[in-house]
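**Student:** Structure of the sequence below:
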Amino acid sequence: MDCVSSEKRSRMMAGIKAKDTKPELVVRRLVHGMGFRYRLHRKDLPGSPDLVFPRLKKVTFVHGCFWHRHPGCRFAYTPKSNAQFWLNKLEGNTRRDKSALAALNALGWQVLIVWECELSDLPALSRKMRTFLEADRC
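**Tutor:** The predicted structure follows:
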């Protein structure tokens, strides 16, 4: 049983953003502080990646653990109310993610996924981003 009315739940869900989320802003500040420059949400690329590094031909997606079903993460649960709806919705998200990843790879782009739960350890995330962005760099 949901503890809020369906109207209030609808307003709450409508308030969830797809761009400029707090996790995305943290990653953007981190990468910018390292001296890397990027483009945002290029719609001409499959999946409209959150950060695009055109010169490096690399992209980064910042995924919420719940919405994109981070494997093994405690935040990637299925809500108990209206479970079938959520299962369909979240599985659709993961199918779309896999499709975008395959299309980007086919176009020659390298992809890094940053999970929301990784933001709790910024030094480790910084190392991960630097390793990804500096690999194969001339």
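
**Student:** List the buried residues in stretch 85-93.
**Tutor:** Judged by neighbour count using 16 or more other C-beta atoms under 10 Å, the buried positions of stretch 85-93 are Leu90, Asn93. In short, each C-beta sits where N, CA and C put it, glycine included.

**Student:** Near Lys43, how many residues? Count them for me, please.
**Tutor:** Counted with other C-beta atoms under 10 Å, the neighbours of Lys43 add up to 8.

**Student:** So it: helix, strand or coil?
**Tutor:** On the three-state scheme (DSSP: H, G, I helix; E, B strand; the rest coil), Lys43 is labelled coil.

**Student:** Next, find the distance separating it from Leu51.
**Tutor:** Counting by C-beta to C-beta, to the nearest Å, the separation of Lys43 from Leu51 is 14 Å.

**Student:** likewise Gly92?
**Tutor:** Gly92 is 24 Å from Leu51, by C-beta to C-beta.

**Student:** same question for the top helix by length along the chain, mean pLDDT?
**Tutor:** Ranked by residue count, the top helix of the chain under DSSP state H comes out as helix 83-106. Over the span of helix 83-106, the pLDDT mean works out to 95.

**Student:** Only the buried residues of the helix or strand following it, if you could.
**Tutor:** The element immediately downstream of helix 83-106 (helix or strand, assigned by DSSP states H and E) is strand 110-115. For strand 110-115, the buried set under the neighbour-count rule, 16+ other C-beta under 10 Å, comprises Gln110, Val111, Leu112, Ile113, Val114, Trp115.

**Student:** Who is the residue nearest the centre of the chain paired with across the strands?
**Tutor:** Closest residue to the average C-alpha location of the chain: His63 at 2.1 Å, with C-alpha atoms, centre = their mean. Beta-bridge partners recorded for His63 (DSSP bridges): Trp115.

**Student:** coming back round to it: including pLDDT, could the buried residues of strand 110-115 go into a markdown table?
**Tutor:** Supplementary listing: these in a markdown table, determined by pLDDT from 0 to 100:
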| residue | pLDDT |
| --- | --- |
| Gln110 | 97 |
| Val111 | 98 |
| Leu112 | 98 |
| Ile113 | 97 |
| Val114 | 97 |
| Trp115 | 97 |
